[in-house]
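Asker: dropping the sequence and predicted coords here.
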Amino acid sequence: MSVKIAVLGAGSWGTVLADLLANNGHEVRLWGNSAETAAEINDHHTNKHYLPDFKVSPKVVATLDLKSTLAGVQAILFVIPTAAMRIVAKQVAPILAETGAKPIIISATKGLEQNTHKRISQIIGDEFPAELAEGLVIFSGPSHAEDVATHDITSLTVASQNIGDAEWVQAIFMNDYFRLYTNDDMVGVELGGALKNVIAIGAGILHGLGYGDNTKAALITRGLAEISRLGIEMGANPLTFMGLSGIGDLIVTSTSVHSRNWRCGNALGQGQKLDDVLANMGQVVEGVGTAKAAHELAQQHHVEMPISESIYRVLYENANVQDEINKLMQRRGRREMDFQR
Ligand SMILES: NC(=O)C1=CN([C@@H]2O[C@H](COP(=O)(O)OP(=O)(O)OC[C@H]3O[C@@H](n4cnc5c(N)ncnc54)[C@H](OP(=O)(O)O)[C@@H]3O)[C@@H](O)[C@H]2O)C=CC1
Ligand SMILES: O=C(CO)COP(=O)(O)O
């Protein structure tokens with residue numbers, strides 16, 4: 001099966017996924033907002049700012065015009081930062097309405113919207129008619145663009161309320177190094193993908209401070225406990241957090257030098273200022289915005305998320321990291337498997 005697909009977002013993940021789809025035999029248009037990047041991809045088959053050593057398939061066509069990018073496509077893959085999701089969705093929806101096209105919408109974005117705390121599926125639900133939004137497929141799991149670029153074996157989750165749409169997406173992406181599993185738990189898959197970024201900032205902080213492997217394993221495991229606690233309260237299937245979009249993504253993001261969230265935390269642990277770290281990253285660090293949304297959601301749902309709350313205070317209230325670690329260690333003793341509030 002060969003399909004026509006629009007990939008929206010010419011950053012690191014969008015570029016690698018466009019390349020993978022083109023190599024799978026699909027017709028791919030990669031839309032971005034930078035004329036310079038589009039020219040570089042079309043003329044030199046590189047995107048050096050985002051992926052310095054990567055050669056993009058010459059079959060990927062980079063575009064700047066959204067209307068022509070969307071013409072005749074069977075699927076649209078959003079791969080832009082959470083902060084741009086609603087802005088771009090508002091540009092896409094009227095173009096589809098004008099032509100009556102009904103492509104499958106896919107999102108590989110991981111985050112929660114600032115102020116509303118909405119998941120990506122809820123933003124899509126606000127901006128697109130129900131018949132399109134209901135088939136949305138969420139694409140999530142342990143997958144650094146840098147590793148997929150070198151065809152490292154990678155497994156992900158594709159979640160949809162409409163499992164037939166998830167299976168269609170599974171089929172167009174799978175190849176000998178890329179394996180996808182379907183899931184119908186949108187809440188669990190989306191929350192796992194968003195909230196792990198906050199814990200990954202914490203893992204980076206611990207590394208930057210010189211803590212060892214025991215500490216990092218404790219953070220990851222107790223981080224998963226609090227992600228699960230909020231997720232269960234918000235209607236997720238607890239088992240989803242044991243899957244690729246849960247523990248899988250939490251492990252990769254909390255242990256890899258490729259992770260922007262981990263690198264942000266590492267720099268903070270070494271004493272750098274958040275504003276400087278973000279200015280120097282040159283790429284999105286989703287966990288910073290998500291930490292605020294997680295803090296607000298935890299309060300709203302009366303769920304204890306002590307690690308995420310500490311990271312929130314470090315990021316937004318200039319709290320001292322060592323004081324926060326001490327506070328976490330001095331909490332009263334708990335039962336391990338307590339997923340109640
Ligand atoms: N990188 C990875 O390994 C993975 C990333 N993800 C998720 O994918 C999403 C995108 O991440 P990633 O590709 O890494 O991000 P990058 O920071 O590498 O790139 C972001 C891209 O989005 C573009 N963009 C930003 N705002 C707009 C807008 N309003 N209109 C059009 N394009 C816009 C940027 O354009 P410009 O260059 O002009 O600023 C840039 O091309 C994030 O939610 C991330 O968590 C998920 C799994 C893996
Ligand atoms: O989600 C990711 C890997 O699965 C990418 O993580 P970072 O955004 O921290 O680089």
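Answerer: It's in. Keep in mind that this is a model prediction, so the values were computed, not measured. Numbering: from 1, shown residues only. Ligands and ions are numbered 1, 2, ... in the order given.

Asker: residues contacting stretch 218-236, please?
Answerer: 185, 187-188, 191-192, 195-196, 198-199, 202-203, 206, 238, 240-241, 246-247, 250-251, 254, 294, 297-298, 301, 303-308, 336, 339-341 (Cβ atoms under 8 Å, 6 or more residues apart in numbering). Every residue, glycine included, has its C-beta placed from N, CA and C.

Asker: any residue of that stretch touching ligand 2?
Answerer: No: with Cβ under 6 Å from any ligand atom as the criterion, ligand 2 is not reached by stretch 218-236; the gap is at least 13.9 Å.

Asker: may I have that stretch exported as CSV, CA atoms only?
Answerer: Provided in CSV are the C-alpha atoms of stretch 218-236 (Å, rounded to 0.1, in the frame of the first residue of the first chain):
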residue,chain,number,x,y,z
ALA,A,218,14.2,5.5,42.1
LEU,A,219,13.2,8.6,40.3
ILE,A,220,12.0,6.8,37.2
THR,A,221,10.0,4.2,39.2
ARG,A,222,8.4,6.7,41.6
GLY,A,223,7.9,9.1,38.7
LEU,A,224,5.9,6.4,36.9
ALA,A,225,3.9,5.8,40.1
GLU,A,226,2.8,9.4,40.2
ILE,A,227,2.1,9.6,36.4
SER,A,228,-0.1,6.5,36.9
ARG,A,229,-1.8,8.0,39.9
LEU,A,230,-2.9,11.1,37.9
GLY,A,231,-3.7,9.0,34.8
ILE,A,232,-6.0,6.6,36.7
GLU,A,233,-7.8,9.6,38.2
MET,A,234,-8.2,11.0,34.7
GLY,A,235,-9.6,7.8,33.3
ALA,A,236,-6.6,6.0,31.8
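
Asker: so what's the gap between that stretch and the chain middle?
Answerer: Chain-centre distance of stretch 218-236: 17 Å, with Cα atoms, centre = their mean, to the nearest Å.

Asker: for stretch 9-21, same thing?
Answerer: Remark: stretch 9-21 is offset 14 Å from the chain centroid, using Cα atoms, centre = their mean.

Asker: that one near ligand 1 anywhere?
Answerer: Yes: counting by Cβ under 6 Å from any ligand atom, ligand 1 is contacted by stretch 9-21 at 9-14.

Asker: ok, so of those residues, who is nearest V88?
Answerer: The shortest gap between V88 and any of the residues of stretch 9-21 next to ligand 1 belongs to G9, at 8.0 Å (Cβ to Cβ).

Asker: residues in contact with that closest one?
Answerer: Counting by Cβ under 8 Å, 6+ apart, G9 makes contact with 31-32, 78-80, 84.
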